[in-house]
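Colleague: Need a 3D model of the sequence below.
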Amino acid sequence: MSSVQPCSVSDDDRRPPLNEILAVAQHGLARKPKRLPSWLFYDERGSALFEQICEQPEYYLTRCEMALMDEHAGSIADCLGSDVRLVEYGSGNGLKTRILLQHLHQPVSYVPVEISPEPLRQSVQRLTRAFPQLPLQPLCADFSKPLRLPIPPRAPRRTVLYFPGSTIGNFENPDAVALLRKMRNEMGDGGGILIGADLKKDQALIEAAYNDRAGVTAEFTLNMLARLNREIGSDFELSAFTHRAHYNPMAGRIETHLVSRREQQVKVGRNKVAFRADEAIQVEYSCKYSLADFAALAEKAGLAVLRVWTDPQQMFSVQYLVRASAVAH
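Modeller: Numbering: from 1, shown residues only. Okay, here's the model as predicted:
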């Protein structure tokens, strides 16, 4: 069996250079209100903590999506048709993907796109063992930037971009539309997008998912500051900040903040950043959608919803989007 080389670029090309992280942190913390981008969560420790979050009893999202895939993967595969090239954005550990790959009809290749080299390597090794006949074409890259997809081993009938989880919800609406437009270009004329979207539901259920009793989500959020301390030499005192996630019903989203417990100053590069007591850094949004909301979002990107699958409790959806022009006829 040939050994797979998932990453053809050097580590330095993949990870944001430290001076970029410093510039991002200085820029974000100079804003009013302060904010930091959520991609800073995902260093090695952050990625491991996120996997732990997915196992918490309050975190319904992964359970509901797995139940949905268990029930509907056959129907989804039938909808996608045969000879598909499957390109997954942010492939992570690939558990949901495995269920889908088991049902796909003569897939041409699977292209996992993942910014972290180690999870990508591990995922490719596991999938090589599980699907020895399936051509794997891993791509170490940031899916939010334009991608150069590898040349498939044979001509696919269509390219389907798979974006599971509820990652689209981490983008504010204009950015989500821009990302969907980029995906529309990458999937080509006859292609499609298979995408996970979390649905609106009881506020208490949603808030509990982002404030688990075990405190794993709080540790995950605070790890962003630990990363800045380690990588750019900041001196955030982690115990002087607290995690806060609450649902904003008007905006239809969870808003996650790191809140300063007291008045303090923090070194970020050569700058000193002042915090008031109770001042917050906005670190993540997690948008929740009605089916109509999501259809409207897709429409702004020139896409139409062809099919929707939900879990038995209708808490989560997987939707298949195609070019709006393809369903207009």
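Colleague: pLDDT of the helix or strand hosting residue 198, averaged?
Modeller: Using DSSP states H and E, residue 198 sits within strand 192-198. On average, the pLDDT along strand 192-198 is 98.
Colleague: Could you list every helix and strand in contact with it?
Modeller: In this structure, strand 192-198 packs against helix 60-80, strand 158-163, helix 173-187, strand 316-323, with contacts taken as 3 or more CB pairs under 8 Å, 6 or more residues apart in numbering; DSSP states H and E. Just so you know, the C-beta spots here come from the backbone N, C-alpha and C atoms, and that holds for glycine as well.
Colleague: Following element in sequence after it, please.
Modeller: According to DSSP H and E, the helix or strand after strand 192-198 is helix 203-209.
Colleague: mean confidence score for that following helix?
Modeller: 98.
Colleague: Identify all contacting residues around the helix or strand following that helix.
Modeller: Using DSSP H and E, the helix or strand that follows helix 203-209 in sequence is helix 216-232. Residues outside helix 216-232 that contact it (CB atoms under 8 Å, 6 or more residues apart in numbering) are 18, 21-22, 25, 36, 40-41, 43, 45-46, 49-50, 52-53, 56, 210-211, 234-236, 238, 241-243, 245, 256, 258, 268-269, 283-284.
Colleague: center of the protein - which residue?
Modeller: residue 167 (3.4 Å; CA atoms, centre = their mean).
Colleague: Could I get the contacting residues of that one?
Modeller: By CB under 8 Å, 6+ apart, the neighbours of residue 167 are 89, 90, 196.
Colleague: Which of those residues are buried? Put it as a PyMOL command.
Modeller: Buried members of the contacts of residue 167, defined by 16 or more other CB atoms under 10 Å, are picked up in PyMOL with:
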select buried, resi 89+90+196
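Colleague: phi, psi of the closest residue to residue 123 other than its chain neighbours?
Modeller: Closest residue to residue 123 apart from its sequence neighbours, by CB to CB, 6 or more residues apart in numbering: residue 94 at 4.4 Å. Backbone torsions of residue 94, given as degrees, to the nearest 10, read phi 70, psi 20.
Colleague: so how many other residues sit close to residue 94?
Modeller: Neighbour count of residue 94, defined by other CB atoms under 10 Å: 23.
Colleague: what residues are up against it?
Modeller: So residue 94 contacts 88, 112, 123, 126, 127 (CB under 8 Å, 6+ apart).
Colleague: Among those residues, give me the pair with the biggest separation.
Modeller: 88 and 126 (13.9 Å; CB to CB).
Colleague: returning to that earlier point: for the contacts of residue 94, which ChimeraX command selects only the ones that are buried?
Modeller: In ChimeraX, this line selects whichever of the contacts of residue 94 come out buried by 16+ other CB under 10 Å:
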select :88,112,123,127
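Colleague: Restricted to helices, list the contacts of residue 94.
Modeller: 123, 126, 127 (DSSP state H).
Colleague: possible to save those as CSV with distance to residue 171 and pLDDT?
Modeller: Listed next are those as CSV, based on distance: CB to CB, whole Å; pLDDT from 0 to 100:
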residue, distance to residue 171, pLDDT
123, 23, 89
126, 29, 93
127, 27, 94
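Colleague: how near is the closest residue to residue 42 other than its chain neighbours to residue 80?
Modeller: Leaving aside its sequence neighbours, residue 42 sits nearest to residue 116 (CB to CB, 6+ apart; 6.7 Å). Distance, residue 116 to residue 80, by CB to CB, to the nearest Å: 27 Å.
Colleague: and these two? which has more neighbours close in?
Modeller: Counted by other CB under 10 Å, residue 116 and residue 80 do not tie: residue 80 has more neighbours, with 23 against 19.
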